[in-house]
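Asker: build the 3D model from these lines:
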Amino acid sequence: MHLRPSALALLVAVLGSVTCAHAQPAGGRGRSGITKEQYLSEMGRVLGDIEAKEKSARGARRVQVHANLFLAHEAFIAWTPTSTLKRAVDAFKEAGVAQVDLNMGLFPWVGKDEAAIKKYDEVVEHIRKAGMRVAVNPQYSPLRHRVRSLEEWREKALPVYEEIAGRYKPDVFVVVHEPTTMASRMRVRKSKPGQWVDFAREATRVVKARSPRSRIGAGGLASEKKFFEAFAGMKEIDVLTLDIYALRALPTYEEMVKTARKHGKPVYVEETWRPPYFKLERGMSLDDVAVKSVGDRSFESMDVKWMRTIAAWAAANGVEAITPVWMQTFFAYGGDGTEAFDKKYLEEVMAAIDKGRRTATFEALKDLGR
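Answerer: This next block holds a predicted model:
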């Protein structure tokens, strides 16, 4: 990938690398001096350059489109109506989505919240009836249950993996999702690829015992390349995943795709979104950063460009699918400064889903899914 030096320098200095679970401070007046207008202008220009280059390289290849049912995340499943979740699934079907991803956590399985479990039961059944594949990406979130070590995570997670595998027989079961992100949430200062390989191997054994046909996945961020390479060498791993939130990391992701190919394994983008625009404030966590500007209608056209560009990049590099992660934007946008988890915004998103509303971002998803 070759970008104009001035645009690349500004984006590297200002936008940084961000994921919905793992972020680096990336902008805001007072630190970098960049304005929203500069962000939109430079990001749009560079995305245009990349998309044009990748389109010329990909030929007639297309990629599948997946979607993350983020309102079924453990943080939201308890208070999102089942009917709303099913309508969102119907919208994904309308858009030509091939696979629906569910980011389950220790909740509701630890403690057996039967009401939330029933929602998952109904949602998975609805996805399958709609003819789409089901993928589960279990991950650690400290919202309801806390663990302080990888060993404690193993003890709590493996029974949950076994329950999920036996109950839903998912088409894809991602046994390790962003290992350093998970470790940081556990307050584990440093984890090594070998530790996560051991966990992935044990998790695979548990999952396969209950769901032999599930494809086993593992992967993460560009910063986790060493982990990715270790997963690629595992005979237990069937498919490798990428989480893309930064333009500057695309060359690294291309190396990771080559690694997957060398091991004869397919790879898809498990999560992607543009880096957030935000103003750095004291005490902000990585998770605080990740949700900034998601849902701000000023960025709707940029969200469309990002999805199209990553789809073009994926097609050019032989990646089988992309998964835009913030489903909220398919149904509604809010005002200036709206964030992904703003309660009022989420209520507006649910209302929009129930009323059958769609945004330009959804229409772009639908176009990519054709």
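Asker: beta partners of the most centrally placed residue in the chain?
Answerer: Centroid-nearest residue in the chain: E271, 2.5 Å away (criterion: CA atoms, centre = their mean). Counting by DSSP bridges, E271 is bridged to D243.
Asker: gap between it and A135?
Answerer: 11 Å (CB to CB, to the nearest Å). Glycine gets a C-beta too; all of them are placed from N, C-alpha and C.
Asker: tally of neighbours for the residue nearest to A116 when sequence neighbours are not counted?
Answerer: Nearest non-adjacent residue to A116, counting by CB to CB, 6 or more residues apart in numbering: P108, 3.6 Å away. Counted with other CB atoms under 10 Å, residues neighbouring P108 total 21.
Asker: list phi and psi for P108.
Answerer: phi -100, psi 10 (degrees, to the nearest 10).
Asker: go ahead and confirm it touches I77.
Answerer: Yes. P108 is within contact range of I77, at 7.0 Å (criterion: CB atoms under 8 Å).
Asker: got any residues that touch both of these two?
Answerer: 116, 120 (CB atoms under 8 Å, 6 or more residues apart in numbering).
Asker: now for the helix or strand that contains F227, which elements pack on it?
Answerer: Assigned by DSSP states H and E, F227 belongs to helix 225-232. If contacts are counted by 3 or more CB pairs under 8 Å, 6 or more residues apart in numbering; DSSP states H and E, helix 225-232 sits against helix 193-210, strand 215-220, strand 239-244, helix 250-262.
Asker: let me know which of these is tucked in deepest.
Answerer: Mean neighbour count (mean count of other CB atoms under 10 Å) peaks for strand 239-244 among the helices and strands packed on helix 225-232, with a mean of 26.
Asker: alpha carbons only: can I get that one in PDB?
Answerer: Output of strand 239-244 as PDB, limited to C-alpha atoms (Å, rounded to 0.1, in the frame of the first residue of the first chain):
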ATOM      1  CA  VAL A 239      -9.800 -20.300  10.400                       C
ATOM      2  CA  LEU A 240      -7.900 -17.200  11.400                       C
ATOM      3  CA  THR A 241      -9.500 -13.800  12.200                       C
ATOM      4  CA  LEU A 242      -8.400 -10.200  11.900                       C
ATOM      5  CA  ASP A 243      -9.700  -7.100  13.800                       C
ATOM      6  CA  ILE A 244      -9.000  -4.000  11.700                       C
END
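Asker: what's it in contact with?
Answerer: So strand 239-244 is contacted by 19, 172, 174, 177-178, 215-222, 228, 231-232, 250, 253, 256-257, 260, 265-272, 310, 319 (CB under 8 Å, 6+ apart).
Asker: quick one, helices of the stretch 1-150 of the chain?
Answerer: Assigned by DSSP state H, counting those that start in this stretch, the helices in the stretch 1-150 of the chain fall at 5-14, 36-58, 82-94, 114-129, 150-168.
Asker: so, low pLDDT: which residues of the protein?
Answerer: For the chain, the stretches with pLDDT under 70 are 1-33, 57-60.
Asker: I'd say R308 and E363 touch.
Answerer: No. Between R308 and E363 there is no contact under CB under 8 Å: 11.5 Å.
Asker: neighbour count: these two, which is higher?
Answerer: A direct count of neighbours by other CB under 10 Å for R308 and E363 places R308 higher, at 19 against 13.
Asker: skipping adjacent residues, who's closest to the more buried one in space?
Answerer: E51 (6.0 Å).
Asker: shouldn't the one you found be in contact with M307?
Answerer: No. The pair E51 and M307 does not pass the contact test of CB under 8 Å, sitting 10.3 Å apart.
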